[in-house]
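Asker: Make a model of this:
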Amino acid sequence: MSNNRGERKRANERRVVLTGIGLLSPVGIGTRTSWEALLAGRSGIGPITRFDPTRHSTRFAGEIKDFDPLVFLDRKDVRKMDLFIQFALAAATLAVDDAEIDHAFLENDRCGVYVGSGIGGIGTIEEWHGVLMEKGPERVTPYFLIAAIINEASGQISIKYRARGPNSATATACATGTHAIGDSFRIIARGDADLMIAGGTEAPLTPLGVAGFCSMKALSERNDAPEKASRPFDARRDGFVMGEGAGVVLLEELGHALRRGAGIYAEVVGYGMTADAFHTAAPAEDGRGAVSVMQRALDDAGISPSDIQYINAHGTSTPLNDKIETAAVKKVFGAHAHKVAVNSTKSMTGHLLGAAGGIEAGITALCIKHQIMTPTINYEYPDPDCDLDYVPNKARPAEIIYALSNSFGFGGTNGALLLKKFEE
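Answerer: Numbering: from 1, shown residues only. I've put the predicted structure just below:
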């Protein structure tokens with residue numbers, strides 16, 4: 001099945017490929033380490049060590065282990081950046097190194113940066129609010145604002161690589177990383193850049209950040225077995241698990257990538273973004289936003305639902321989200337829904353909020369490149385409302401030509417990326 005948008009796109013727009021992946025998550029630092037952990041079905045969830053969580057109803061999360069910012073940054077710069085910016089710079093460095101690209105290709109106005117965050121510098125805000133209250137306004141550092149505001153992640157990456165092209169940041173909650181990559185795909189396709197460093201970053205594991213989600217009753221409270229807490233689509237799921245990290249990819253115009261002999265993970269062929277227009281925190285009960293965003297991504301690529309083999313689901317492990325996403329997949333894909341593998345990376349990483357879409361787009365590209373699907377771990381008790389193939393507990397080799405990556409955020413904002421196995 002084709003459509004006018006798909007035909008116009010193939011006729012008039014440039015092809016975009018994904019050539020570098022930088023993953024920084026609770027299951028590992030670096031693409032290879034993270035990929036091996038995910039294939040092994042290893043959980044990155046454990047007790048919170050960043051602060052004392054004794055009074056919180058949820059006392060576990062997906063923390064990054066052994067992160068040393070000095071591997072990626074100068075000591076003087078670390079003091080001027082919130083952790084979410086440090087994560088972004090680390091992931092961008094990993095993605096650029098993974099792409100094996102000469103930095104001369106980045107140091108111009110044809111390379112841009114588009115990295116967002118859902119919450120931004122909440123840790124910095126908490127820290128300096130405490131100083132303000134205790135010691136007064138004159139003791140607040142002049143670096144406070146630039147250490148905390150969301151667009152500083154993109155800004156610092158562009159400064160590091162002297163990338164003078166389009167530079168922006170999005171803050172669309174849990175859809176942030178997906179929107180940043182999708183918008184970057186559009187920027188390259190229409191000719192405004194040849195390369196984009198794109199993705200999402202988040203460092204929400206602070207006393208206030210965790211307390212806010214606890215008070216919403218959004219988090220799992222499985223404190224006795226945190227590694228079992230993130231269980232998307234399982235009948236005994238009781239909420240999501242917070243995580244931290246960053247997922248950044250390098251996108252390139254196809255000709256640019258081929259001329260430099262780049263390795264290509266996958267081609268980006270479709271992107272959709274929609275709104276539920278329903279509720280600030282809950283998905284629309286009829287799944288209309290999820291349905292429309294997947295359909296738009298399919299239409300953008302000019303393909304039919306039956307062309308898809310794999311969906312990296314939003315799959316948060318909340319009772320409502322998993323049920324509604326399953327219903328939305330069945331509405332879009334019809335009978336084919338039961339032939340599509342639908343897994344959730346969040347079963348292992350937890351929910352990285354604004355970074356989730358970046359991490360999951362990178363993982364989706366890796367699944368396509370290596371023709372294998374990572375598992376949904378902790379899937380033990382089938383839910384009659386969630387009756388699709390969730391790749392339970394073990395990775396599975398599979399032929400993957402087309403794959404979707406879904407992200408749905410607070411405020412009812414939705415994003416979907418459609419990736420394809422690269423064929424020159």
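
Asker: Which helix or strand in the chain has the lowest average pLDDT?
Answerer: helix 4-12 (a mean of 57; mean pLDDT, DSSP states H and E).

Asker: got any ranges where the chain has weak pLDDT?
Answerer: 1-11 (pLDDT under 70).

Asker: Okay, helices next: where are they in it?
Answerer: Ranges of helices in the chain, per DSSP state H, are 4-12, 31-39, 75-78, 83-99, 122-135, 144-148, 152-161, 176-189, 207-215, 254-259, 288-301, 319-333, 346-349, 356-370.

Asker: what's the closest of these to Met242?
Answerer: Met242 sits nearest to helix 207-215 of all those, at 6.3 Å, using Cβ to Cβ. For every residue, glycine as well, the C-beta is placed using N, CA and C.

Asker: ok, and what's touching the closest one?
Answerer: With contacts defined as Cβ atoms under 8 Å, 6 or more residues apart in numbering, helix 207-215 is touched by 48, 51, 53, 56-58, 61, 119, 122-123, 126, 204, 219, 242.

Asker: Pro204 and Met273, how far apart?
Answerer: To Met273, Pro204 is 23 Å away according to Cβ to Cβ, to the nearest Å.

Asker: Between these two, which has more neighbouring residues?
Answerer: When Pro204 and Met273 are compared for neighbours, Pro204 comes out ahead with 26 against 20, by other Cβ atoms under 10 Å.

Asker: ok, back up a step: just so I know, which of the helices of the chain lies nearest Phe67?
Answerer: Set against Phe67 and scored by Cβ to Cβ, the helices of the chain come closest in helix 83-99, at 7.5 Å.

Asker: Check the burial of Arg50 by counting its neighbours.
Answerer: As a burial measure, Arg50 scores 17 neighbours (other Cβ under 10 Å).

Asker: still on that earlier bit, in CSV: the helices of the chain, plus mean neighbour count.
Answerer: CSV is the format used below for the helices of the chain (neighbours: other Cβ atoms under 10 Å):
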stretch, mean neighbour count
helix 4-12, 12
helix 31-39, 20
helix 75-78, 12
helix 83-99, 27
helix 122-135, 16
helix 144-148, 19
helix 152-161, 23
helix 176-189, 28
helix 207-215, 17
helix 254-259, 17
helix 288-301, 23
helix 319-333, 22
helix 346-349, 30
helix 356-370, 29
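
Asker: Please tell me how far the residue nearest in space to the middle of the chain sits from Ala99.
Answerer: Closest to where the C-alpha atoms of the chain average out (Cα atoms, centre = their mean) is Gly357, at 2.0 Å. Using Cβ to Cβ, Gly357 is found at 19 Å from Ala99.

Asker: Then His370?
Answerer: Distance from His370 to Ala99, counting by Cβ to Cβ: 17 Å.

Asker: Check Gly41 too.
Answerer: 28 Å.

Asker: what does Gly287 give?
Answerer: 36 Å.

Asker: Counting neighbours, what do you get for the closest residue to Pro204 other than its chain neighbours?
Answerer: What sits nearest to Pro204 in space, not counting adjacent residues and going by Cβ to Cβ, 6 or more residues apart in numbering, is Ile119, at 5.1 Å. Neighbour count of Ile119, defined by other Cβ under 10 Å: 21.

Asker: what does Arg139 give?
Answerer: 10.

Asker: Kindly report the same for the one 4 residues further on.
Answerer: By the criterion of other Cβ under 10 Å, Tyr143 has 14 neighbours.

Asker: ok, so what distance separates the closest residue to it other than its chain neighbours from Ala277?
Answerer: Of all residues not flanking Tyr143 in the chain, Lys80 sits nearest, at 4.6 Å (Cβ to Cβ, 6+ apart). Between Lys80 and Ala277 the computed distance is 39 Å (Cβ to Cβ).

Asker: quick one on the thing from earlier: inside strands: which ones of the contacts of helix 207-215?
Answerer: Ala61 (DSSP state E).

Asker: farthest pair in the contacts of helix 207-215?
Answerer: The farthest-apart pair in the contacts of helix 207-215, when distances are taken by Cβ to Cβ, is Ser57 and Gly123, at 20.5 Å.

Asker: contacting residues around Gly315?
Answerer: Contact partners of Gly315, counting by Cβ under 8 Å, 6+ apart, are 232-233, 321-322, 325, 342-347, 376.

Asker: closest to Pro166 among those?
Answerer: Relative to Pro166, the closest of those is Thr345; by Cβ to Cβ it sits at 28.0 Å.

Asker: Verify the stated contact: that closest one with Gly358.
Answerer: No - checked against Cβ atoms under 8 Å, the pair Thr345 and Gly358 is beyond contact range at 11.4 Å.

Asker: now Val269, nearest residue through space, not along the chain?
Answerer: Ala301 (4.2 Å).

Asker: Test my guess that that neighbour contacts Leu417.
Answerer: No - taking contacts as Cβ under 8 Å, Ala301 lies outside contact range of Leu417: 10.1 Å.

Asker: Give me the common contacts of these two.
Answerer: Gly270.

Asker: hang on, the earlier thing: quick one: the residue nearest to Val269 and Phe410, what's the gap?
Answerer: According to Cβ to Cβ, Ala301 stands 27 Å off from Phe410.

Asker: now do Ala211
Answerer: 16 Å.

Asker: got it, and Met373?
Answerer: Noted for Met373: a distance of 28 Å to Phe410, by Cβ to Cβ.

Asker: Repeat that for Ile29.
Answerer: Distance of Ile29 to Phe410, computed by Cβ to Cβ: 28 Å.

Asker: Compare neighbour counts for those two and give me the winner.
Answerer: Here Ile29 and Phe410 are compared on neighbour count by other Cβ under 10 Å; more neighbours surround Ile29, at 23 against 17.

Asker: wait, that one sits on Ile64?
Answerer: Yes - with contact defined as Cβ under 8 Å, Ile29 counts as touching Ile64 (6.9 Å).

Asker: Return the distance of stretch 366-379 from the chain's centre.
Answerer: Its chain's average C-alpha position is 15 Å from that of stretch 366-379, according to Cα atoms, centre = their mean, to the nearest Å.

Asker: Just list the residues touching Leu251, thanks.
Answerer: Contact partners of Leu251, counting by Cβ under 8 Å, 6+ apart, are 16-19, 181, 184-185, 188, 195-196, 198, 268.

Asker: That should have said Thr206, apologies.
Answerer: Contacts of Thr206 by Cβ under 8 Å, 6+ apart are 50-51, 122-123, 126.
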